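**Q** quick one: sequence and predicted model below, then my questions.
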Amino acid sequence: MTEGAPAGLRPAELRLGSDLRAPAAARRLVRELLAEGGRDAWTDAAELAVSELVTNAALHAQTAIGVSATLSAHELRVEVRDHSPAGPRQRSYGSQATTGRGMGMVAAVTDRCGVVQRPDGKTAWFVLEDGAPEPSLEELLAAFDEEQWEVTHAAPADPTAEGSGPVARQVVLLGVPPTLWVAAQEHHDAILRELHLYSEVHAEVDLDLRRAEAARTALLDLVDVRAQGADDAAALRVALPDGHPSPWREIREPVDLTLELLPDDAAASTALQDVLDAGEQLASEGALLAFPGQPEIVAVRDWLCEQVQSQMRGVPPRRWSGSADERFEVDAGAARADTETAAVVERVRTSRRGAVCSDARNRILAVSAPLAAHLGWEVDDLVGRRIVALIPPSLREAHIAGFSRHLSTGQAHVLGVPLVLPVRHASGRELLCDFLIEQVGAGVGRSLYLAWIEPVDAGEPRGSAAGAADTPR
């Protein structure tokens, strides 16, 4: 008898492996049970919910999966058991994120749902029942924004028992950038999901996805929760002027976090780096749907993992260097070379107006001579750098977070919108300029970004930022 099942009823049960065939088998189990019981009206919601729970277990738990379904006179109860102690969590992603909504979806289509945490794993469950009121559209949408899960815990092991487990150690992360980390977390989740799918088809890929998922939960998710929960400690800085269309108008200042981690988390963080590095390489080759991460996104992940590894060895903490680090201004990758790119590059290079063209890596492919001269650069010194070289340091985090989300969703807020923004002069000072940004090409990830930039006046460069970066958010 499963925990919480109506008395006297024998559940339908299924044991599944941790692979992407598991959700279909679970849907079939639930569908057949409901058909035998004459409850076809519940089929769509039950199949959707069990598919999400089993998919999560297959992708993230990477253990054997048990599914049980019990149909009584008045309700259906479904339980999905795995052996990973990490519990399901709704992400704190924005409205345009392409991942992180599965648990909210389960909450939206079922009447009750929850998770029972155990020392050796967890059981996620949901119930469909007679007499439950039909949710309104507002209630369905709210399920994606609020925690809807009942969380209970099985009796923990006796902490005084011999061999109760390793002792946790503190790891201090100095200067975690909350806004950049949200974008990094979205990107990492997309890469990991793509890698699971890719490895199902390409058996030759040897990646420790199970350990990487453990590290994702123990490190990446934990940092996300702690950073987003540090509202009182992290001041909001208004980075963009009133009326600017970007959702990143306010940037949260860096926060210091202290984590309690187990010794095995260091090795898991190494596996996570290896897996994500493999994912970035596959993404750069076009083998994944996800696009490669911006250098800042990859660097902040590497910094976190390396801090875990080094501090577990007794090395003192090292603060995150920040997105304004000069190393992010240079890109060693090869630029696109095709007929369309050459035509746009020539258009910018010969323009008598202020113009700059960049690609999906934020790399400057061309800049007009008038703009380079106005900004104190030689044309050849700007071409090949990343566009962040022209963005005031205080605005770079907002730019990278917004551009990374643009690559993930295709959504942009500044294309075709006249803007007044500051541009960084070669001396480090700032010039207020009029902007108009175009997207040219076959689509997100393959497009070029063409910005027409003209100084507002011929006065002296300004000394403080008042606007945003010059690529889509």
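**A** Arrived safely. Residues are numbered from 1 along each chain as shown.

**Q** wait, isn't residue 282 in contact with residue 199?
**A** No. Applying CB atoms under 8 Å, one finds residue 282 not in contact with residue 199, separated by 10.2 Å. To be clear about C-beta, it is placed using only N, CA and C from the backbone, and glycine gets the same treatment.

**Q** count the neighbours of residue 40 for me.
**A** Neighbouring residues of residue 40 were enumerated by other CB atoms under 10 Å; the total is 10.

**Q** so how far is residue 124 from the residue nearest to it when sequence neighbours are not counted?
**A** The spatial neighbour of residue 40 that comes closest, neighbours along the chain excluded (CB to CB, 6 or more residues apart in numbering), is residue 34 at 6.2 Å. Residue 34 sits 19 Å away from residue 124, going by CB to CB, to the nearest Å.

**Q** so which of these two has more stuff around it?
**A** residue 124 (26 against 21).

**Q** list the residues that contact that one.
**A** Neighbouring residues of residue 124 by CB atoms under 8 Å, 6 or more residues apart in numbering: 53, 56-57, 79-80, 88, 113-115.

**Q** so what's it bridging to?
**A** Beta bridges link residue 124 to residue 80, residue 115, judged by DSSP bridges.

**Q** work out which residue lies at the spatial centre of the protein.
**A** residue 186 (0.6 Å; CA atoms, centre = their mean).

**Q** that one looks like it's in a strand, true?
**A** No. Counting by DSSP: H, G, I helix; E, B strand; the rest coil, residue 186 falls outside a strand, being helix.

**Q** per-residue pLDDT of it, please?
**A** Note for residue 186: predicted pLDDT of 88.

**Q** how much space separates it from residue 375?
**A** 32 Å.

**Q** pretty sure the residue nearest to the centre of the chain is touching residue 408, no?
**A** Yes. Using CB under 8 Å, residue 186 is in contact with residue 408, at 6.2 Å.

**Q** roughly how far does residue 415 sit from residue 55?
**A** For residue 415, the distance to residue 55 - CB to CB - is 34 Å.

**Q** over to residue 323?
**A** Counting by CB to CB, the gap from residue 323 to residue 55 is 34 Å.

**Q** what about those two, which has more around it?
**A** Set residue 323 next to residue 55 and count neighbours by other CB under 10 Å: residue 323 wins out with 26 against 18.

**Q** pretty sure that one contacts residue 394?
**A** No. Between residue 323 and residue 394 there is no contact under CB under 8 Å: 9.7 Å.

**Q** rewinding a little: now, which of the contacts of residue 124 sits nearest residue 257?
**A** Closest to residue 257 out of the contacts of residue 124 is residue 88 (22.3 Å), distances taken as CB to CB.

**Q** following element in sequence after the host helix or strand of residue 343, please.
**A** Using DSSP states H and E, residue 343 sits within helix 339-349. Of the helices and strands lying after helix 339-349 in sequence (DSSP H and E), the nearest is strand 355-358.

**Q** what helices or strands is that next one leaning on?
**A** Packing partners of strand 355-358 (3 or more CB pairs under 8 Å, 6 or more residues apart in numbering; DSSP states H and E): helix 339-349, strand 364-367, strand 447-455.

**Q** for that strand, buried residues please.
**A** 355-358 (16 or more other CB atoms under 10 Å).

**Q** dump it to PDB, restricted to CA.
**A** Below are the C-alpha coordinates for strand 355-358, written out as PDB (Å, rounded to 0.1, in the frame of the first residue of the first chain):
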ATOM      1  CA  ALA A 355      27.700  52.400 -36.600                       C
ATOM      2  CA  VAL A 356      28.800  49.100 -35.000                       C
ATOM      3  CA  CYS A 357      28.000  45.600 -35.900                       C
ATOM      4  CA  SER A 358      28.300  42.600 -33.500                       C
END
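
**Q** can you get me a residue count around residue 314?
**A** Neighbours of residue 314 using other CB under 10 Å come to 7.

**Q** check what pLDDT the closest residue to residue 456 other than its chain neighbours gets.
**A** Nearest non-adjacent residue to residue 456, counting by CB to CB, 6+ apart: residue 432, 4.6 Å away. For residue 432, the pLDDT comes out at 91.

**Q** is residue 432 in a helix, a strand, or coil?
**A** Classification of residue 432 by three-state DSSP places it in strand.

**Q** how about residue 320?
**A** Assignment for residue 320 (three-state DSSP): coil.

**Q** quick check, it in contact with residue 177.
**A** Yes. Shown here, residue 320 and residue 177 form a contact pair, counting by CB under 8 Å, at 6.5 Å.

**Q** more crowded one of these two?
**A** Set side by side, residue 320 and residue 177 show more neighbours around residue 177, with 24 against 19, by other CB under 10 Å.

**Q** quick one: that one from residue 456, how far?
**A** Distance from residue 177 to residue 456, by CB to CB: 30 Å.

**Q** between the buried residues of strand 355-358, which is closest to residue 421?
**A** residue 356 (12.5 Å).

**Q** got the CA positions of the helix or strand that contains residue 107 in CSV?
**A** Element membership of residue 107 [criterion: DSSP H and E] is helix 102-109. Output of helix 102-109 as CSV, limited to C-alpha atoms (Å, rounded to 0.1, in the frame of the first residue of the first chain):
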residue,chain,number,x,y,z
GLY,A,102,7.1,22.0,-14.8
MET,A,103,6.2,21.9,-11.1
GLY,A,104,4.0,24.9,-11.5
MET,A,105,2.2,23.1,-14.3
VAL,A,106,1.6,20.0,-12.1
ALA,A,107,0.1,22.3,-9.4
ALA,A,108,-2.1,24.0,-12.0
VAL,A,109,-3.7,20.8,-13.4
